[in-house]
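*Asks:* structure of the sequence below:
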Amino acid sequence: MTKAPHRAATPQDVDEICLSLPEVELGTSWGDNLTYKVHGKGFLMHRPPGRTAVDPATGEWYADLLVIQVPSESEKRALVEDDSLPFFTIDHFNGYNAVLVQQSRLGEISRDELAEIITDAWLTKAPKSLAKAIMTPGPVDG
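*Replies:* You can find the predicted model right below:
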């Protein structure tokens with residue numbers, strides 16, 4: 001059997017992946033920003049345009065940003081410093097374990113990569129008992 005080819009991620013995948021994780025709800029935070037939460041804790045937020053997130057090439061405010069939690073500063077650096085990935089940060093997020101990505105650039109990574117990053121974000125906020133439940137492999141049929 002051949003493995004299906006990796007396909008590019010899309011903005012629609014964000015909703016599908018987030019809502020496929022246990023006990024996730026779509027709510028709001030920081031005013032009325034759409035935010036995916038687990039047990040009331042946000043792990044991925046739609047960030048509105050604002051003066052702290054400006055495209056350096058155009059001077060325009062980014063209009064389609066996602067803020068995604070990451071497990072650690074080193075994970076943040078790894079995503080931001082890899083020139084093959086669309087993730088970045090801004091001064092506003094110094095000292096905060098999160099990366100930004102434009103939804104219009106999600107196609108630069110695969111859906112599988114996006115699912116891994118979002119699952120890692122979920123794990124940063126999920127209760128340990130819930131995280132352990134999905135990280136522990138179940139019995140193998142066979």
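*Asks:* tell me the buried residues in the lengthiest helix in the chain?
*Replies:* If you go by DSSP state H, the chain has its longest helix at helix 111-125. In terms of neighbour count (16 or more other Cβ atoms under 10 Å), helix 111-125 has its buried residues at 111, 114, 115, 117, 118, 119, 120, 121, 122, 123, 124, 125. C-beta here means a position set from N, CA and C on the backbone, and glycine is covered the same way.
*Asks:* nearest residue to the middle of this structure?
*Replies:* residue 68 (3.6 Å; Cα atoms, centre = their mean).
*Asks:* quick one: pLDDT of that residue?
*Replies:* For residue 68, the model assigns a pLDDT of 98.
*Asks:* equivalent analysis for residue 1, please.
*Replies:* At residue 1, pLDDT is 49.
*Asks:* burial count for residue 19?
*Replies:* Number of residues near residue 19 (other Cβ atoms under 10 Å) recorded here: 11.
*Asks:* now it. Nearest residue, chain neighbours left out?
*Replies:* Once flanking residues are discounted, residue 19 sits nearest to residue 26: 7.2 Å by Cβ to Cβ, 6 or more residues apart in numbering.
*Asks:* hmm, residue 14 and that neighbour touching each other?
*Replies:* No. Using Cβ atoms under 8 Å, residue 26 is not in contact with residue 14, being 10.6 Å away.
*Asks:* of these two, which one has the most company?
*Replies:* For residue 26 versus residue 14, neighbours defined as other Cβ under 10 Å are more numerous around residue 14 (21 against 13).
*Asks:* so which residues make contact with the host helix or strand of the more buried one?
*Replies:* Per DSSP states H and E, residue 14 falls inside helix 11-20. For helix 11-20, the external contacting residues (Cβ atoms under 8 Å, 6 or more residues apart in numbering) are 24, 26, 36, 44, 64, 66, 103-104, 106, 111, 114-115, 118-119, 122.
*Asks:* quick check: what element follows it along the chain?
*Replies:* strand 24-29.
*Asks:* adjacent strands (with direction) for that following strand?
*Replies:* strand 33-38 (antiparallel) (DSSP bridges).
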